[in-house]
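Q: Got a predicted structure here, sequence first:
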Amino acid sequence: MTSDDEHDRAITGETGARGPLWVPAAEASAPTDQLSAEAEAEDTAALREWDALNAAGQAFTVPHKEVRRRLGLD
């Protein structure tokens, strides 16, 4: 078991003499929030496209078993 001093030296060795860098939560999660917003926008656009194709009678679905058969997976 290590002493507190040994543990502190190990942390300082990994994080630098000034210790860990603390970042505000809002700043840390900003990239994730942006990715989530982009993913949500892509999902919304895909659903609108599907709805438009469906309304025009151009959309269809293929049953799971048929897809596997067509791909040669069964």
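A: Nice, thanks for sending it over.

Q: just for the chain, where's the confidence low?
A: 1-3, 7-20 (pLDDT under 70).

Q: which residue ranges form the helices in it?
A: 4-15, 25-55, 64-70 (DSSP state H).

Q: need those in JSON lines with mean neighbour count, can you?
A: (Glycine included, C-beta is placed from N, CA and C.) Output for the helices of the chain, formatted as JSON lines (neighbours: other Cβ atoms under 10 Å):
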{"stretch": "helix 4-15", "mean neighbour count": "10"}
{"stretch": "helix 25-55", "mean neighbour count": "10"}
{"stretch": "helix 64-70", "mean neighbour count": "11"}
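
Q: who's in contact with K65?
A: D74 (Cβ atoms under 8 Å, 6 or more residues apart in numbering).

Q: actually W50, sorry about that
A: Shown in contact with W50 (Cβ under 8 Å, 6+ apart): A59.

Q: Roughly how far does it sit from D43?
A: 11 Å (Cβ to Cβ, to the nearest Å).

Q: Kindly report the same for L21.
A: 34 Å.

Q: Right, I'll call it a day here.
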